[in-house]
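**Q** mind looking at a prediction? Sequence and model below.
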Amino acid sequence: MSTCHLCPSDDNQIPDADVLDHLRVVHPDAYGEGPDLWPDGSPVVVDAALTPAEFGDPS
Ligand SMILES: [Zn+2]
């Protein structure tokens, strides 16, 4: 289960597989154009907290 922080706290547990549909249907303003997707259909995740050092030495 996932927690929708846009819903009231007494009714905000969403099955993981339904999160995108929940956002699209219930919170269209937050969903907007939807997430960016890679060509394989997986969502693009932007994590600004990562630093280059966390990817290791490529050599
Ligand atoms: Zn919600």
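**A** Yep, that arrived.
**Q** where along this protein do the strands fall?
**A** With strands called from DSSP state E, the chain shows them at 2-3, 13-14.
**Q** what residues are up against residue 47?
**A** Taking Cβ atoms under 8 Å, 6 or more residues apart in numbering as the criterion, residue 47 is in contact with no other residue. Every C-beta, even on glycine, is put in place using the N, C-alpha and C of the backbone.
**Q** what does it show for phi and psi?
**A** For residue 47, the backbone dihedrals (degrees, to the nearest 10) come out as phi -120, psi 100.
**Q** and the longest helix belonging to the chain, what does it pack against?
**A** Longest helix in the chain by number of residues, with DSSP state H as the criterion: helix 19-26. If contacts are counted by 3 or more Cβ pairs under 8 Å, 6 or more residues apart in numbering; DSSP states H and E, helix 19-26 sits against helix 28-31.
**Q** who touches the helix it packs on?
**A** 6, 20, 23-24.
**Q** swap the cut-off to 7 Å and go again
**A** Applying Cβ atoms under 7 Å, 6 or more residues apart in numbering, the set of residues contacting helix 28-31 from outside is 6, 23-24.
**Q** what parts of this structure come near the ion?
**A** Residues of the chain found near the ion, taking Cβ under 5 Å from the ion as the criterion, are 4, 6-7, 26.
**Q** CSV for the residues you listed, including neighbour count and pLDDT?
**A** Converted to CSV, the residues of the chain next to the ion look like this (neighbours: other Cβ atoms under 10 Å; pLDDT from 0 to 100):
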residue, neighbour count, pLDDT
4, 18, 95
6, 13, 95
7, 14, 96
26, 13, 96
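**Q** now, those residues that are in helices?
**A** When DSSP H is applied, the residues of the chain next to the ion are split such that residue 26 fall in helices.
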